[in-house]
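J.: Quick check, what structure comes out for this input:
(chains A, B, C and D)
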Protein chains: 2
Amino acid sequence: MRAEVATVVQNLVLERGYEETTVDDICATAEISRSTFFRYFPSKEEALFGESIDAGERLRDALTARPAGEAPWVAMRRALDALIEQYEAHDERTRRLTRLIVNTPSLAARHREKNARWQELLRPEIARRLGADPADDSDPRANAVIAAALGCVEAALAAWTANSQPQPLAKILDRAMQAPAHPR
Amino acid sequence: MRAEVATVVQNLVLERGYEETTVDDICATAEISRSTFFRYFPSKEEALFGESIDAGERLRDALTARPAGEAPWVAMRRALDALIEQYEAHDERTRRLTRLIVNTPSLAARHREKNARWQELLRPEIARRLGADPADDSDPRANAVIAAALGCVEAALAAWTANSQPQPLAKILDRAMQAPAHPR
DNA sequence: AGCATAAGTGGTACTGTGTCTCACAAATGC
DNA sequence: GCATTTGTGAGACACAGTACCACTTATGCT
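T.: Coordinates of the predicted model:
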C-alpha cells in the first residue's frame, strides 16, 4: 500500500517534475486523502526516495566487515560496493529517478541531508581505522573521510546518470575516488 | 539597510533558533512588512547567510591564481585559504552562527546547496589541472575533487565550531584534507 | 451474537513560507 | 508643477505540513 502510493509519486514526478507535482495531485491520483498521505510519509520528499533509508546501516555493516588493517579510504571504497549494487540492480527507471534527484536542487539537498545522517553511523568505524578518538569533536578526520567519499559518490552518480549508456557505476566511482587521493 | 535586516535575523536566530524564528517575528523586530522582507531576501535562509554568496567567485579566482602544474587536490587546499581567512577574520559571533548552521539540518542542507553551485564555477579549473575535458559529463573526477574538498571543509568547520578554544582553521583543514588522501 | 476497543481513513481548521497583484507615498527628472 | 520611477505596505493566494475530531470497519472478548 505504501509502495503503491510511492509508485504514484514516482510516476507523477517523472512526468511533471518535482515542484510541479503537488500533494493534492498525488492524493487525487492515488485516491487517498491528504491525511492518509501524510500518515504514510512524513513529507513529499520522503515519499520519493524513502525506500533507501536503511542504506546507511547497510553501508556501516559493509564497512565493519572490511579487514581491520585496511586504510580508511580504501575500506570506504570497498564498503560502497554495497551501495552501488543497490543502484545498479534497479532498472532504467531508477536511473532516471536518480538523475532527477541529482538535478533538482531541493531534492539534491535532501539527499545530502540523508548522507549527513550517515556520518554518525560511519564515524566510529572510520575513527577506529584512523586510530582516532570517535568522541573527539575537534578531530575532523573521520568526518572528512566520510564527507569526501560521499561527495565522490554524488559526483559518480551525476556522471552515471548523465549518459544513456553509462559505464559501470563501480568503475566510475573508482575514478572519482582516485581523483582526490592521487597526488597528480 | 539590507545589512540591518540581516543583523536582526542573526540576532533572533541566535537567541531562539532557526525554526523558532518566524518571518513575522523578524518583520516586527525590524519594523518592516513581510513584502519588504521578501524584496530584500528571496528566503529566510538567504537572509541568514546571504552575504557570502560571492565566496564562490573568490574561491575560483584563488584557484586560477595557483601555479599551473600544481596537483588539483593541493591547489584546492591552497585556494581554500582564501575562504578560511573569511571565516577566521570574523568574530566569535560568526563562529556561533557557523555552528548553528552546521547543527541545523535544514540550514546545513542549504549551505551544501550553495556549495553545489560552486562546483560549476570551480569545475573548469580543476578539469584543466586533471587534463580532463570540462564538458565531458561522464568523467566524474573534477566534481569528485571539488565535492570531496568541500566535504572536508564542512568537517573542518564542524570541528572548528565544536570547542570554544579552537585550533587555527587552516590547521584543522590540513588534517581534514590529508585524511582521504593519505593511504593510511 | 453483541459489544467494546482499536486501527485506518477522511474532513476541517490552522500555522508558516513564499508569490503575486494592487494601492500608495516619496523621491527624481523634465 | 507635473510625470515617472522606486520603495513600501496590504491583502489574497498556493502549497507543505500539523493537529484534532468524526466516522467506519476490523478485531477481540464474553
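
J.: check whether the strand or helix carrying A:V74 contacts chain B.
T.: Secondary structure assignment for A:V74, by DSSP states H and E: helix A:72-89. Yes. Under the criterion of C-beta under 8 Å from any C-beta of the partner chain, chain B is reached by helix A:72-89 at A:72-74. For glycine as for every other residue, the C-beta is placed from the backbone atoms N, C-alpha and C.

J.: which of those residues lies closest to chain B?
T.: A:W73 (5.2 Å; C-beta to the nearest C-beta).

J.: Can you list the buried residues in the helix holding A:V74?
T.: Neighbour counts over helix A:72-89 (16 or more other C-beta atoms under 10 Å in any protein chain shown) mark A:72-77, A:79-80, A:82-84, A:86-87 as buried.

J.: contact partners of it?
T.: When contacts are defined by C-beta atoms under 8 Å, 6 or more residues apart in numbering or on different chains, helix A:72-89 is touched by residues A:52, A:55, A:58-59, A:61-63, A:65-67, A:70, A:94-95, A:98, A:126, A:129-130, A:142, A:145-146, A:149, A:153, A:157, A:160, A:168-170, A:173-174, A:177, A:181, B:179-183.

J.: what do you get if the cut-off is 6 Å, keeping everything else the same?
T.: For helix A:72-89, contacts defined as C-beta atoms under 6 Å, 6 or more residues apart in numbering or on different chains pick out A:58-59, A:62-63, A:66, A:126, A:129-130, A:145, A:149, A:169-170, A:177, B:180.

J.: after that helix comes which helix or strand?
T.: Next element after helix A:72-89 (DSSP H and E): helix A:92-103.

J.: quick one: contacts of that following helix?
T.: A:107-108, A:111, A:157-158, A:161.

J.: tally of neighbours for A:D24?
T.: Residues near A:D24, counting by other C-beta atoms under 10 Å in any protein chain shown, number 10.

J.: measure it to DNA strand C for me?
T.: 10 Å (C-beta to the nearest atom of the strand, to the nearest Å).

J.: I'd like the buried residues of helix A:72-89 as CSV, with pLDDT and distance to A:G17 appended.
T.: Formatted as CSV, these follow (pLDDT from 0 to 100; distance: C-beta to C-beta, whole Å):
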residue, pLDDT, distance to A:G17
A:P72, 95, 39
A:W73, 95, 37
A:V74, 95, 39
A:A75, 96, 38
A:M76, 97, 34
A:R77, 97, 34
A:A79, 97, 34
A:L80, 97, 29
A:A82, 91, 31
A:L83, 91, 26
A:I84, 92, 27
A:Q86, 86, 25
A:Y87, 88, 22
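
J.: Between these, which sits nearest A:Y18?
T.: A:Y87 (19.5 Å; C-beta to C-beta).

J.: Show the subsequent helix or strand relative to the longest helix seen in chain A.
T.: Looking across chain A with DSSP state H, the single longest helix is helix A:105-130. Sequence-wise, the next helix or strand downstream of helix A:105-130 (DSSP H and E) is helix A:141-162.

J.: buried sites along the helix or strand just after that following helix?
T.: For helix A:141-162, the succeeding helix or strand toward the C-terminus, using DSSP H and E, is helix A:169-181. For helix A:169-181, a neighbour-count test (16+ other C-beta under 10 Å) marks A:169, A:172-173, A:175-177, A:179-181 as buried.

J.: swap in stretch A:86-105?
T.: For stretch A:86-105, by 16+ other C-beta under 10 Å, it's A:86-87, A:95, A:97-98, A:100-102, A:104.

J.: ditto for stretch A:9-27
T.: Quick answer for stretch A:9-27 (16+ other C-beta under 10 Å): A:9-10, A:12-13, A:18, A:21, A:26-27.

J.: Nearest to A:R39 among those?
T.: Proximity of these to A:R39 (C-beta to C-beta) peaks at A:C27, which lies at 11.7 Å.

J.: the domain parsing of chain A - what is it?
T.: A:1-47, A:51-179 (the TED database).
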